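>>> Predicted model and sequence follow; I will ask about them next.
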Amino acid sequence: MQKILKAIQVAGIFPVVEIERLEDAVPVAKALRDGGIAAMEITLRTDVACDAIKAVLEAYPDMLVGAGTVLTPEQVEEVKDAGACYIVTPGFNSRVVYHCVDNDFLIIPGIDSPTGIELALEAGLPAVKFFPAESRGGMKGLASMAAPFKERVKFLPLGGISPDNITSYAKSNSVLAVGGTWIAKQKYIQAGEFEQITRNAKEAMALLHGFELLSAEVGTGADEAGSTMLDTLAMAFAPAAVTGFTPLAATGDAPGTLRIACNNIQRAVAWLESNGQKVEAIDTKTNSAWMAETAGGVSIQLIEKQ
């Protein structure tokens, strides 16, 4: 179960997909993967949902596929047989929750109150779905509701998430991952506009991590003209995303340093390591981390935005 939770955190974002035609399942999964998202939640709102889960996993065995809108213990067994590695429910249904707990199957039930969190903790659940997120106060509402529990449980916000507000959720350490329906809307699937789904996925990943070049220090050595040029160019650069850094600067004989800002250092490091990159231990005082390797001698530091 911990392995799946880690995989959900690494994925960071889960497109919620409703498949009405079985033949659309694999093209949607491919479109998401092409956009950098190897995860999806297929809802049990159609008759072909379980077959869609099977089809996606046959085509892409490494795809992280969950089942949504699971309402009964019988449906839990159906999606398990189809290959789903976890389920998400609209609310806290005790029968469904304890069926999953008794069978060691990851369930992320929907909650919208402290009472829901307490029920989840009593059941020993590590994560819950905050739903409907935006109509319950968004990230401010989530932070206020979760504060007394001191991060004893992680959240999967869903409901009203869009490119306009995803960043606020992505910055929080309380958020395991973010769910959304806008990436693979029914209108795109029905029209076969899979390229649009890929574009939406790329945008979502960019917004989730918020990678942004913070500063570039270039080793100019004794090249005074080069140093002066960089200093002049730096005057016209916008202020950095994190205060205290000059966007462009000359340095000594060393090749230099790139500093990259991100929304959440823990999420960024987990994602990089899942893609085969080595990162040094996070400095919790500065919320930063150095890449273990250099790029052509250039050191790279990740820094969480303030």
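Done, it's in.

>>> burial count for T46?
Neighbours of T46 under the rule other CB atoms under 10 Å: 16. Where C-beta positions appear, they are placed from N, C-alpha and C, glycine not excepted.

>>> Does it belong to a helix, a strand or coil?
Here T46 is recorded as coil under DSSP: H, G, I helix; E, B strand; the rest coil.

>>> ok, and the closest non-adjacent residue to it?
With sequence-adjacent residues excluded and distances taken as CB to CB, 6 or more residues apart in numbering, T46 is closest to E20, at 5.2 Å.

>>> Pretty sure the one you found sits against V48.
Yes: using CB atoms under 8 Å, E20 is in contact with V48, at 7.1 Å.

>>> out of the two, which sits in the busier spot?
V48 (17 against 14).

>>> Contact partners for the closest residue in space to the more buried one that isn't next to it in sequence?
With CB to CB, 6+ apart as the criterion, V48 has its nearest non-adjacent residue at 4.5 Å, and that residue is L22. Shown in contact with L22 (CB atoms under 8 Å, 6 or more residues apart in numbering): V48, D51, A52, A55.

>>> Now the strand or helix carrying M229 - C-alpha only, PDB.
Element membership for M229, per DSSP states H and E: helix 224-234. Only the C-alpha atoms of helix 224-234 are listed here, as PDB (Å, rounded to 0.1, in the frame of the first residue of the first chain):
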ATOM      1  CA  GLU A 224      35.700  41.300 -17.900                       C
ATOM      2  CA  ALA A 225      33.800  42.200 -21.100                       C
ATOM      3  CA  GLY A 226      31.600  39.100 -20.600                       C
ATOM      4  CA  SER A 227      31.000  39.900 -17.000                       C
ATOM      5  CA  THR A 228      29.900  43.400 -17.900                       C
ATOM      6  CA  MET A 229      27.600  42.100 -20.600                       C
ATOM      7  CA  LEU A 230      25.900  39.700 -18.100                       C
ATOM      8  CA  ASP A 231      25.500  42.500 -15.500                       C
ATOM      9  CA  THR A 232      24.000  44.700 -18.200                       C
ATOM     10  CA  LEU A 233      21.500  42.100 -19.300                       C
ATOM     11  CA  ALA A 234      20.600  41.300 -15.700                       C
END
